[in-house]
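A.B. asks: Mind folding the following:
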Amino acid sequence: MAAAPGTAPGPAPGPAATGAGDPTAPPPAAGDPAPRPVRSAARPVPVGGAPASVPAASPPVQVELPTISVRSGLELLARDPSGQLAAPADYASAGWYAAGVEPGQPGPAVIAGHRDTASGPAVFARLGDLTTGDPVLVTRSDGSTLTFRVTGAERAPKDAFPTDHVYGPVPHPELRLITCGGDFDRATGHYVDNVIVYAELG
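C.D. replies: Residues are numbered from 1 along each chain as shown. Below is the predicted model:
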């Protein structure tokens with residue numbers, strides 16, 4: 001069921017996104033009533049090892065998820081006054097947490113998007129369908145494209161968002177894709193969970 005428009009993705013370094021415009025937590029995401037977990041994110045499975053070298057820094061401008069037919073430009077996301085990651089303004093577009101890590105640099109880069117709108121699916125409606133090994137392509141402002149591979153996924157309650165696991169330091173370039181998930185709470189106008197997909201450069 002669609003959420004009411006106007007919610008956001010999640011706390012920046014905190015929880016994750018909700019549905020129609022609500023990712024909450026340190027950069028957030030969207031989900032569905034019963035998303036299928038890819039694999040426990042507590043122990044992501046390496047898919048090819050660490051890259052031989054770290055690419056030069058260059059801001060991301062587009063993300064593509066071929067497995068679920070998503071290609072989207074990237075808005076620049078920041079935290080709202082409450083410290084949550086603000087959701088993208090456009091439900092059809094994903095956003096990158098610009099105060100965080102750039103995709104391709106050591107650490108967890110965060111990309112969030114809405115799950116749905118009041119009238120239908122949004123950009124990350126099928127995020128929970130990704131499985132281990134699926135590609136995540138990030139095009140950067142210098143024209144280069146980086147290929148990440150999904151290593152795991154989880155659905156977490158927004159009130160118990162795994163902030164340290166999502167935003168905590170890691171030695172190699174990694175990616176977190178976030179949206180809303182779980183049941184839709186009509187009283188609050190938000191989904192109760194976040195869907196988080198983990199990927200690594202490789």
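A.B. asks: can we go C-alpha only for contacts and neighbour counts from here?
C.D. replies: Noted.
A.B. asks: So which bits of stretch 89-102 are buried?
C.D. replies: Using 16 or more other CA atoms under 10 Å as the test for burial, stretch 89-102 gives 89, 91-98, 100-102.
A.B. asks: for that stretch, what is the average pLDDT?
C.D. replies: Stretch 89-102 carries an average pLDDT of 96.
A.B. asks: Please enumerate residues in contact with it?
C.D. replies: Stretch 89-102 is contacted from outside by 12, 20-21, 27, 57-60, 63, 72-78, 85, 87-88, 107-114, 116-117, 122-124, using CA atoms under 8 Å, 6 or more residues apart in numbering.
A.B. asks: Show the buried residues in the residues you listed.
C.D. replies: For the contacts of stretch 89-102, a neighbour count by 16+ other CA under 10 Å gives the buried set as 12, 20-21, 27, 58-60, 63, 72-78, 85, 87-88, 107-114, 116-117, 122-124.
A.B. asks: Now intersect these with the strands, please.
C.D. replies: 60, 63, 72-77, 85, 107-112 (DSSP state E).
A.B. asks: Closest one of these to residue 137?
C.D. replies: Distance to residue 137, by CA to CA, is smallest for residue 63 among these, at 5.7 Å.
A.B. asks: looking at it, the closest one is touching residue 137, isn't it?
C.D. replies: Yes. Contact criterion CA atoms under 8 Å: residue 63 and residue 137 qualify, at 5.7 Å.
A.B. asks: Next secondary structure after the helix or strand hosting residue 155?
C.D. replies: Assigned by DSSP states H and E, residue 155 belongs to strand 145-157. For strand 145-157, the following helix or strand on the C-terminal side (DSSP H and E) is helix 163-167.
A.B. asks: Go ahead and confirm residue 127 touches residue 67.
C.D. replies: No. Counting by CA under 8 Å, residue 127 sits too far from residue 67 to count as a contact (9.7 Å).
A.B. asks: More neighbours: which of these two?
C.D. replies: With other CA atoms under 10 Å as the criterion, residue 127 and residue 67 differ in neighbour count, and residue 127 comes out ahead with 30 against 14.
A.B. asks: Looking at the more buried one now. What's its pLDDT?
C.D. replies: Model confidence at residue 127, expressed as pLDDT, equals 98.
A.B. asks: for residue 190, same thing?
C.D. replies: 89.
A.B. asks: Same question for the one 4 residues further on.
C.D. replies: Reading off the confidence values, residue 194 has pLDDT 95.
A.B. asks: Show me what it is bridged to.
C.D. replies: residue 156, residue 180 (DSSP bridges).
A.B. asks: Then residue 137?
C.D. replies: Bridge pairing for residue 137 - DSSP bridges - gives residue 64, residue 147.
A.B. asks: hang on, isn't it packed against residue 175?
C.D. replies: No. Using CA under 8 Å as the test, residue 137 is too far from residue 175 to be in contact (10.6 Å).
A.B. asks: My understanding was that residue 77 contacts residue 88; is that so?
C.D. replies: Yes. At 6.7 Å, residue 77 counts as touching residue 88 under the criterion of CA under 8 Å.
A.B. asks: Residue 191 reaches residue 179, doesn't it?
C.D. replies: No. Look at residue 191 against residue 179 with CA under 8 Å: they stay out of range, at 9.8 Å.
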